[in-house]
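Student: sequence below, structure please.
(chains A, B, C and D)
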Number of protein chains: 2
Amino acid sequence: MSAAENQQLKQVLREHELKATTQRIALLKLLDATHEHFDAEEIYLELLKKQKNVSRATVYRSLEALAEQDLVTRLDFGDGRMRFERSKGEDEHHDHLICEECGKVIEFFNLEMEAQQLSVCEENDFTPSTHTMHIFGTCSDCKQTP
Amino acid sequence: MSAAENQQLKQVLREHELKATTQRIALLKLLDATHEHFDAEEIYLELLKKQKNVSRATVYRSLEALAEQDLVTRLDFGDGRMRFERSKGEDEHHDHLICEECGKVIEFFNLEMEAQQLSVCEENDFTPSTHTMHIFGTCSDCKQTP
DNA sequence: GCGTAAATGAGATTCATTCTTATTTTTAAA
DNA sequence: TTTAAAAATAAGAATGAATCTCATTTACGC
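Tutor: Here you go, the predicted model:
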């Protein structure tokens, strides 16, 4: 089953004109297996656990290549390092509520908000490619324990 | 007139329990005088031009202290360094369209979008403090010259 | 299997930001 | 105005994420 998954990911990489290296496959497999928002260092350490031949530079370079092909998505929570997730379809796009106390990230999607964004772009003759909407504050858990 | 401005800024700083140092006053004066989104290094260089006694560390520390008191606002355009602007009133809040070609930043405000944000927070029992809404893409100028 | 272009590993490098320590300022009170 | 204590500053060292270098290895079309 892991073999089939490897085969499938190899396919995906080739379709995006990326060489199917063991490192890239392992990286995609890792992100496929979690819903967490890993940063590059965490990804590097996770990969090290599973196979010894990975370097930090490769993690960064692979993430860049994969992001360029929209196979992974960069997330900037404003704390100085980028997080990454496996890209979701257009219909699975989401924004984030970020708790400043505990760091928890709540994903949300609001159709009206997306519509407003498009209308703002139109008003300004601006062609959008991506957007980030982050609301910082305090989550319900942290409100209760002051 | 600069003396009066100094006096006024001194007042502002004291009201926020910050010592009114010449560096902080100069920093506020600089941000008051421009609509640009300077980064820390640019602020440092601008201040150096006007008076020789400033250090990078002080610029960073002052910006942190001023941001904490909401006298300046941090802007994260996702390019690896923070920008700063003089804080505007609640009613002057704005979000940003950021051109990926030329780096131009267009400010906008959309009341419905702000309302949607509040409703999302309510749905999630989340108390918002600040938010960032950045739309990346191509501005009208850059569309014309491909 | 072979050759070549592309990817990788290891570590050096860059760049924004933070920290350290000795010195200087601010400010409140004498 | 002088003075003392607390806070802020200057200068440069240190940190940490991300990028770059270059010698070595790997992927993959032939």
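
Student: use CA for all of it now, contacts and neighbours both
Tutor: OK.

Student: quick one: average pLDDT of stretch A:115-131?
Tutor: Mean pLDDT, stretch A:115-131: 94.

Student: so for stretch A:17-26, what gets flagged as buried?
Tutor: A:18, A:20, A:23-26 (16 or more other C-alpha atoms under 10 Å in any protein chain shown).

Student: show me what contacts the residue positioned nearest the centre of chain A?
Tutor: By C-alpha atoms, centre = their mean, chain A has its centre lying nearest to A:Glu85, at 2.3 Å. Counting by C-alpha atoms under 8 Å, 6 or more residues apart in numbering or on different chains, A:Glu85 makes contact with A:31, A:35-38, A:72-75.

Student: strand partners of the strand or helix carrying it, parallel vs antiparallel please.
Tutor: Counting by DSSP states H and E, the element that carries A:Glu85 is strand A:82-86. With DSSP bridges as the test, strand A:82-86 is paired with strand A:38-39 (antiparallel), strand A:72-76 (antiparallel).

Student: anything in it near DNA strand D?
Tutor: Yes - applying C-alpha under 7 Å from any atom of the strand, one finds strand A:82-86 in contact with DNA strand D at A:Met82.

Student: helix or strand right after that strand?
Tutor: Counting by DSSP H and E, the element after strand A:82-86 in chain order, helix or strand, is strand A:95-99.

Student: contact partners of that next one?
Tutor: Counting by C-alpha under 8 Å, 6+ apart, A:77, A:104-109, A:132-139, B:121, B:126 sit against strand A:95-99.

Student: again, 7 Å this time
Tutor: A:104-109, A:132-139 (C-alpha atoms under 7 Å, 6 or more residues apart in numbering or on different chains).

Student: cool, and stretch A:107-114?
Tutor: Contacts of stretch A:107-114 (C-alpha under 7 Å, 6+ apart): A:94-97, B:113, B:116.

Student: among these, who's most crowded?
Tutor: Within those, neighbour counts (other C-alpha atoms under 10 Å in any protein chain shown) peak at A:Leu97, which reaches 27 neighbours.

Student: which strand residues bridge it?
Tutor: A:Ile106, A:Ile135.

Student: look at it and report its pLDDT.
Tutor: Among the per-residue scores, A:Leu97 holds a pLDDT of 94.

Student: got the domain boundaries for chain A?
Tutor: Chain A is divided into the following domains under automatic domain parsing: A:2-86, A:90-144.

Student: any idea which of the ones you listed gets closest to B:Val54?
Tutor: Nearest to B:Val54, of all those, is domain A:2-86, at 25.2 Å by C-alpha to C-alpha.

Student: quick one: end-to-end distance for that closest one.
Tutor: Start-to-end span of domain A:2-86 (C-alpha to C-alpha, to the nearest Å) is 18 Å.

Student: check the offset of that domain from the chain's centre.
Tutor: 10 Å (C-alpha atoms, centre = their mean, to the nearest Å).

Student: which residues in chain A form helices?
Tutor: A:2-15, A:22-32, A:40-50, A:56-68, A:111-123, A:140-144 (DSSP state H).
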